[in-house]
Each structure stands twice: as structure tokens, then as C-alpha cells.
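Chemist: test case, fold it:
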Amino acid sequence: MPEPTVRRVAVTSAIRHVVPAAVSGYFRVLDLERGRVSFVTPSPESTFRTRDPNPRGGTRGARGVSVHGDRLVVANAERLFVFDTSWRLVAELSDRLMADVHDVLADERGIWVAATGCDLLLLVRWDGRIEREVQLRRDRDLLQALGFRERSLRRIDPEIDWRDPRARGEGYERLHVNSLARGENGELLASLGRVARTIEPQPEFSSALVEVSAKGEVTILYLRPSTVVPNHNVAEDGDLLVYNDSNRDRLVAYDRVRGEEVRSVSVPGGTPWARGLARIGGGRWLVGSQAPLAVYEIDLERGEVVEEYPLGGAKDETVYGLCPIPDGFGEPRQPLGDDPYEFWKRAAVSTAATPIGG
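Modeler: Predicted coordinates:
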């Protein structure tokens, strides 16, 4: 069966270093056929933004985005916003374990959440209840395989509101689980973008791509040593693992059978930051970057960038997540008033969702 043609893509972004009172991220719809942005709105800010000590990223920006059937999910640092095909906000979900959410993956049971701030994978049902927790930091076999000296890391205290960056303190986010995907056989794939094996006296960092079984067993598929900044995203294409090497700003294909990198394409930009990954058919992939803020269409087999989609954007704004939008979804209506959050408030009218403020 041929791959469906992707005509539109949801794009989330984050803006580094912005002050707490300023917009820190956007949600866009990119029309690939017309080569332009057809919709853009600021994303709702984290309720913990003013408590965030991180001057660069922290709780800023719009995060992961995913679609399943007639539901599209957009995340910020601690909240999931669920839209129907008419862009009505039908649910707004959060939990104290949703700490520094980086990515989401929607399926028939609910929404898998990468709770980066406490090294957790959560399966959140569509009604908001947490069905499963995969505590990566308590997996001794995983830690040993990653080269940790500790047999396990500090446990997750259920009494703490992990969404609050000041409440969770130091020593967490040792694995930086930052991306999720579904393997071709249905297994869950995750990117551990920046594994901090030690903190003192000298930090040691690596990154890994892992597979999570239905029982929660974690297997390392690829381990890359000497990581400086986090790597991002993961996808499976036959024997290949495709990911964004943000340290080298390249889209990379790693052959699991041969155990080696077989393809690598440079992602453009004055100061690139390869992040966001979506397969669009025909052996082509979309990858996001910054400086300029843009999405690039890459033919991985040919090893070249074949199309560029500029997004405009603010200084220090970078693409965060990419997700193809099915044709069954309408076109969101661009806000017309002066309220930057008009779209979100209008979407919540006459639904069970809570209206969003600034």
C-alpha cells in the first residue's frame, strides 16, 4: 500500500532566553503544497513559568505534538491539549508526574508522555487517568548498560508536584528522555538525549536510542558516547534507526544489523539545532532547525536537502516538534483580535475543557 501524501504538518516551537512575561513558543500549521505557514498562534504558557530558574529552556515553549484518529495532542511543559478534527479543545490533561514534558505519542489507549524532568514514561488515558508508569531511573539493567556507577537513582516521591521545577530540586533528569515513536512492529521507541552518568566531579554524557517492551523492559538499540548537547527524535525504517544528531546537526540513519551509521545529511542553518522529525513518504523526512527558523525536507537515500520551508519566527526560536496532520482535520481559524490566546479560548468554548489564560 503506498504511503499517504502529507499535505500539512503541525509545528511546535520554543524560544530560548525569553523573559517570563514574553511568549515562549508557538503552534503553527505548515502547508507543504503551498510552501507556507497557514496558521500560527502562541502556545499556552506553563503555570510554573515564573518559578523556573532555567534561563534558556526550562518550562518554555510548545512541546510534543501527535495525532491518532480524530484526536490531535499538543503539549506544553506540564499539560496536554487535545483537539478534535474541528479544532475544538475537547480535553486538557495534567498530572503532578508530568514534569518538563518533552514529547507525546498518541495511540488508541491514550497518550504516551515523556516526562523528562523525572525520567518517566507515562501512559495517560484519554480521560486523564495514568494507566502506566515506566520508571527508567529505577531500571538497574538499563543503568548498568548505560555505564552508571549507581545501581539505581533516587526514587520518585509521589508527594512532590514534579511539574514545579523548584519542588523537584537537583539530581533528577539524569536520562533526559526527550522523544517518543512507535516501531514498525508496534514497540515503543524512545530517545535518551543526554544521559548524565556522573554529576561530580566531572560530568560524563552520552545518548541512547531504546526500545520499551509491553512489559516495560528497556533494551538499548544504539548508544552514542561523548554527547555534549542532547540528541533528539527517533524513528524506525526497516533495519534503520533514524534520529537527529543535534551535536553535529545532522539527520542520521543507523543500521541496527550492521551496527554502523550508513547515512548522514547536514541540516542547514547559521546556528542549526536539528530537532523535530516527521516521515512524509517517498523516502523523505522533515527536520526542523533554527537560525533561520525553518523546516527542511530531506531525501535520506539521496543524502540531500530537497526543500526548505521558512517559518519566520523570533530570535532564538527553534522548532520543537513535527507531526503530519490527516486530511480529515479542518483548517484552524486564524485569530483576528488583539488577544494572543484567542484561538485557545475559542477552542475551549462549549467543551469540557478548561479555558486557557495567558
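
Chemist: need the contact list for L136.
Modeler: Counting by Cβ atoms under 8 Å, 6 or more residues apart in numbering, L136 touches 119-121, 142, 175, 177, 192, 218. Bear in mind the C-beta positions are built from the backbone N, C-alpha and C, glycine included.

Chemist: make CSV from those and add pLDDT and distance to P324 to it.
Modeler: Below are those laid out as CSV (pLDDT from 0 to 100; distance: Cβ to Cβ, whole Å):
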residue, pLDDT, distance to P324
D119, 95, 29
L120, 96, 27
L121, 98, 23
L142, 95, 31
L175, 95, 28
V177, 97, 23
L192, 98, 25
V218, 96, 28
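
Chemist: how about JSON lines for the residues you listed, with secondary structure, distance to T41 and neighbour count added?
Modeler: Output for these, formatted as JSON lines (DSSP: H, G, I helix; E, B strand; the rest coil; distance: Cβ to Cβ, whole Å; neighbours: other Cβ atoms under 10 Å):
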{"residue": "D119", "secondary structure": "coil", "distance to T41": "31", "neighbour count": "25"}
{"residue": "L120", "secondary structure": "strand", "distance to T41": "29", "neighbour count": "24"}
{"residue": "L121", "secondary structure": "strand", "distance to T41": "29", "neighbour count": "22"}
{"residue": "L142", "secondary structure": "helix", "distance to T41": "39", "neighbour count": "21"}
{"residue": "L175", "secondary structure": "coil", "distance to T41": "32", "neighbour count": "28"}
{"residue": "V177", "secondary structure": "strand", "distance to T41": "28", "neighbour count": "29"}
{"residue": "L192", "secondary structure": "strand", "distance to T41": "32", "neighbour count": "29"}
{"residue": "V218", "secondary structure": "strand", "distance to T41": "37", "neighbour count": "21"}
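
Chemist: nearest to E131 among these?
Modeler: Set against E131, the nearest of these by Cβ to Cβ is L121 (11.5 Å).

Chemist: roughly how far apart are the closest one and D327?
Modeler: Look at L121 and D327: by Cβ to Cβ, to the nearest Å, they are 30 Å apart.

Chemist: ok, residues contacting the helix-or-strand element of the chain with minimal mean pLDDT?
Modeler: Lowest mean confidence among the helices and strands of the chain (mean pLDDT, DSSP states H and E): helix 165-168, at a mean of 86. Contacts with helix 165-168, where a contact means Cβ under 8 Å, 6+ apart, come from 48, 51-54, 58-59, 99-100, 117-118, 160-162.

Chemist: and the residues you listed, which are buried?
Modeler: Buried members of the contacts of helix 165-168, scored by 16 or more other Cβ atoms under 10 Å, are 48, 52, 58-59, 99-100, 117-118, 160, 162.

Chemist: out of those residues, which is nearest to F81?
Modeler: For these, the nearest to F81 is T59 (15.4 Å; Cβ to Cβ).

Chemist: just confirm the closest one is within a helix.
Modeler: No: using DSSP: H, G, I helix; E, B strand; the rest coil, the assignment for T59 is coil, not a helix.

Chemist: what pLDDT does it get?
Modeler: Per-residue pLDDT puts T59 at 91.

Chemist: may I have the phi/psi pair for the most centrally placed residue in the chain?
Modeler: For the chain, the residue nearest the mean C-alpha position is D103 (3.1 Å; Cα atoms, centre = their mean). With angles defined as degrees, to the nearest 10, D103 sits at phi -140, psi 160.

Chemist: how near is it to L311?
Modeler: D103 is 20 Å from L311, by Cβ to Cβ.

Chemist: list the residues that contact the closest residue to W162 other than its chain neighbours.
Modeler: Computed as Cβ to Cβ, 6 or more residues apart in numbering, the closest residue to W162 that is not its neighbour in sequence is A99, at 3.6 Å. Neighbouring residues of A99 by Cβ under 8 Å, 6+ apart: 78, 115-118, 120, 162-163, 168, 172.

Chemist: re earlier: what is the nearest of the buried ones among the contacts of helix 165-168 to G303?
Modeler: D100 (34.6 Å).

Chemist: SS state for the closest residue to the closest one other than its chain neighbours?
Modeler: For D100, ignoring the flanking residues on the chain, the nearest one in space by Cβ to Cβ, 6+ apart is G117 at 3.4 Å. Using three-state DSSP as the criterion, the local structure at G117 reads helix.

Chemist: give the bridge partners for the residue nearest to the centre of the chain, please.
Modeler: Beta-bridge partners for D103, by DSSP bridges, are A114.

Chemist: which of the buried ones among the contacts of helix 165-168 sit farthest apart?
Modeler: It's G58 and I160 that sit farthest apart of these, by Cβ to Cβ, at 17.4 Å.

Chemist: per-residue pLDDT of the residue nearest to the centre of the chain, please?
Modeler: Value for D103, per-residue pLDDT: 98.

Chemist: strands of the stretch 1-150 of the chain, start to end?
Modeler: 8-15, 26-31, 36-42, 65-68, 71-75, 80-83, 89-93, 101-106, 110-115, 120-125, 130-135 (DSSP state E, counting those that start in this stretch).

Chemist: listing partners with orientation, what would you give for the fourth one?
Modeler: In its sheet, strand 65-68 lies beside strand 71-75 (antiparallel), with partners assigned from DSSP bridges.

Chemist: so what's the closest residue in space to V23 that isn't next to it in sequence up against?
Modeler: The spatially closest residue to V23, leaving aside those adjacent along the chain, is P42, at 4.4 Å (Cβ to Cβ, 6+ apart). Listed by Cβ under 8 Å, 6+ apart, the contact partners of P42 are 23, 25-27, 340-341.

Chemist: that'll do, ta.
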